[in-house]
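[1] From the sequence below, what's the structure:
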Amino acid sequence: MRNFPRSNGHRTPVPDGSAVPRRDPPSYELLRAAADFLTLHHSEERLGDPAHRIAAIRTEIAGTGTYRHTTEELVFGARVAWRNANRCIGRLYWRSLRVRDLRGVRDGHDVAEASADHLREASRDGRIRALISVFAPDGPRRPGPRIWNEQLVRYAGYTRPDGGVTGDPRNAGLTGLALRLGWPGGPGTPFDVLPLVVQGGGDEGPACHDLPDDAVLQVELTHPEYTWWRALGLRWHAVPALANMWLEIGGTPSRWPAPAARASPLPSRVRESRGKSTRSSPIWSRPLVIHCYGRPERHRTERGQRWQNGSEGRSSGRSRRPGAPAS
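    I've put the predicted structure just below:
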């Protein structure tokens, strides 16, 4: 059970050859991977001898070139993939991962709607949950759907004539792609939410799908000591969900939105606004992080949700709920 990042570097890539479906593994390699997975599944879950299930999969591969996991196998495989993600500190909560089995979803519009539902469910009642949605896998000579966004919620990066970027520079490439696909763009603020760029399964091309406002929980950032902080108008999305990764279970790959790591352009925003260095020392960020993750008192605003509390909310400890943004 592995997960594979679909992009590297500092800017979100635009579609290229990586959109081509992966080469189907030879049947013997697929069967071997399936047997290894089923042996682990049956051993850890104490399900007995997997020989009967392996035999059924051998027949399915011989007839179709691939095989389909049961829902129970999918849930176990997704959780173990998170457990095996060495760079993710949230993996300690791998057993709590909730799995949405959406392998029947291929159409781009349906993928976008299901992704919005993923965000709503992951942040329902203001509580962040560990959640993964698994869409249709790639099959022999038939690719599954793909979300081009690095994460479901990302802020646009508009390239200016002087070469600078308004918004998140990491997303300048994806922003340009969305504009070429017909997205009219947002108001031009540093925090315009990008549409989902979804390529449905089969021969569908990529298309833009706006995320509904009620699906994107945002946090307005304040500071207990620096009165000038509020004037910066900083915010961030509450649910980071990776959207451009492979989930491979027993040799069969699928694409998935799931808990993700946090990357933020906020330090540069503070540096530009205050003329202070944020590179030489991370000390500048500590009051904000502790303030936001301490004991938040939340209330709704017109554009999102503000987290506020006094300096007594500081804490020297660290805690995140399962599936919190740092996973």
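
[2] Tell me where the model's unsure across the stretch 1-150 of the chain.
    Within the stretch 1-150 of the chain, the segments meeting pLDDT under 70 span 1-26.

[3] Can you show me the helices along it?
    For the stretch 1-150 of the chain, the helices defined by DSSP state H, counting those that start in this stretch occupy 27-44, 51-64, 71-83, 108-122.

[4] Turn those helices into TSV, including distance to P140 and mean neighbour count.
    No exception for glycine: its C-beta is placed from N, CA and C like everyone else's. Shown next, in TSV, are these (distance: least, Cβ to Cβ, whole Å; neighbours: other Cβ atoms under 10 Å):
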stretch	distance to P140	mean neighbour count
helix 27-44	10	16
helix 51-64	7	14
helix 71-83	19	20
helix 108-122	21	20
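
[5] possible to save those as a markdown table with distance to R91?
    Shown next, in a markdown table, are those (distance: least, Cβ to Cβ, whole Å):
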| stretch | distance to R91 |
| --- | --- |
| helix 27-44 | 16 |
| helix 51-64 | 27 |
| helix 71-83 | 5 |
| helix 108-122 | 17 |
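
[6] Looking at those helices, spot the one closest to G200.
    Nearest to G200 among the helices of the stretch 1-150 of the chain is helix 108-122 (3.4 Å), distances taken as Cβ to Cβ.

[7] so which of the helices of the stretch 1-150 of the chain comes closest to W246?
    The nearest among the helices of the stretch 1-150 of the chain, by Cβ to Cβ, is helix 71-83 at 9.8 Å.

[8] on contacts alone, who are the packing partners of that closest one?
    strand 2-5, helix 27-44, strand 98-102, strand 131-135, strand 241-249, strand 252-259 (3 or more Cβ pairs under 8 Å, 6 or more residues apart in numbering; DSSP states H and E).

[9] Just want the angle from the fifth one to strand 131-135.
    Going by axes from the mean of the first three to the mean of the last three Cα atoms, to 10 degrees, strand 241-249 is angled at 60 degrees with respect to strand 131-135.
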